[in-house]
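> Build me a model from this:
(one chain, ligands or ions: 1)
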Amino acid sequence: MDVFTPEKRSEVMSRIRCRDTKPELTLRSMLHRLGYRFTVNGPKNQHLPGKPDIVLPKHQTVIFVHGCFWHGHEHCPHFRLPKSRPAWWKAKIEANRARDLRNENALRMLGWHVVTVWECALRNKSDLPWLAKRLPALIGKRIGNQ
Ligand SMILES: [Zn+2]
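Residues are numbered from 1 along each chain as shown. As a prediction, this is how the structure comes out:
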């Protein structure tokens, strides 16, 4: 027996989406502690190119939390092509990267500042203070002086 009614179950399931991953939650609580206001499920998250994970409207900044595998993080120890069907995976991940790039460009054209935080930067607790220090500079940066 499900503890939820079917309606409640589908509501619960719809909230469990791949974007609510542990690394993203880590980043969200970090931003929160740094005093940033942001949306994760607002209209901008849903309608801007690439559906950014985090939108900081006041800073005209969007943040993507990218999984190192799916988004093909170059030179990253977490990114290794699977042994079976490597060509297929390579094509798949290259398509993802091309799409990421298109979305970033589209966002910049719309005047947004785009920050990408790779999952590996959020994995190790010992790296988090470094990221927390660096974030304000990334977020604060304006379009014109990149
Ligand atoms: Zn990585």
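
> Going by C-alpha atoms from here, please, whenever you check contacts or count neighbours.
OK.

> isn't there a helix covering residue 62?
No - with DSSP: H, G, I helix; E, B strand; the rest coil as the criterion, residue 62 is assigned strand and is not in a helix.

> Okay, and the beta partners of it?
In this entry, residue 62 is beta-bridged to residue 55, residue 114, by DSSP bridges.

> which secondary structure element contains the residue nearest in space to the middle of the chain?
Nearest to the mean C-alpha position of the chain, by Cα atoms, centre = their mean, lies residue 65 at 2.0 Å. Using DSSP states H and E, the element containing residue 65 is strand 61-66.

> Check whether that strand comes near the ion.
No - interface with the ion: strand 61-66 contributes nothing (Cα under 5 Å from the ion), its closest point being 8.3 Å away.

> so after that strand, what's the next helix or strand?
helix 86-109.

> That next one packs against which elements?
Contacts defined by 3 or more Cα pairs under 8 Å, 6 or more residues apart in numbering; DSSP states H and E place helix 86-109 against strand 113-118.

> What's the mean pLDDT across the strand it packs on?
Averaging pLDDT along strand 113-118 gives 95.

> rewinding a little: could you tell me how far the nearest residue to the residue nearest to the centre of the chain once chain neighbours are set aside is located from the ion?
Excluding the flanking residues, the one nearest residue 65 by Cα to Cα, 6 or more residues apart in numbering is residue 117, at 4.9 Å. Applying Cα to the ion, to the nearest Å, the value for residue 117 to the ion is 9 Å.

> got the angle between the strand holding residue 65 and helix 86-109?
Here the directions of strand 61-66 and helix 86-109 differ by 170 degrees (axes from the mean of the first three to the mean of the last three Cα atoms, to 10 degrees).
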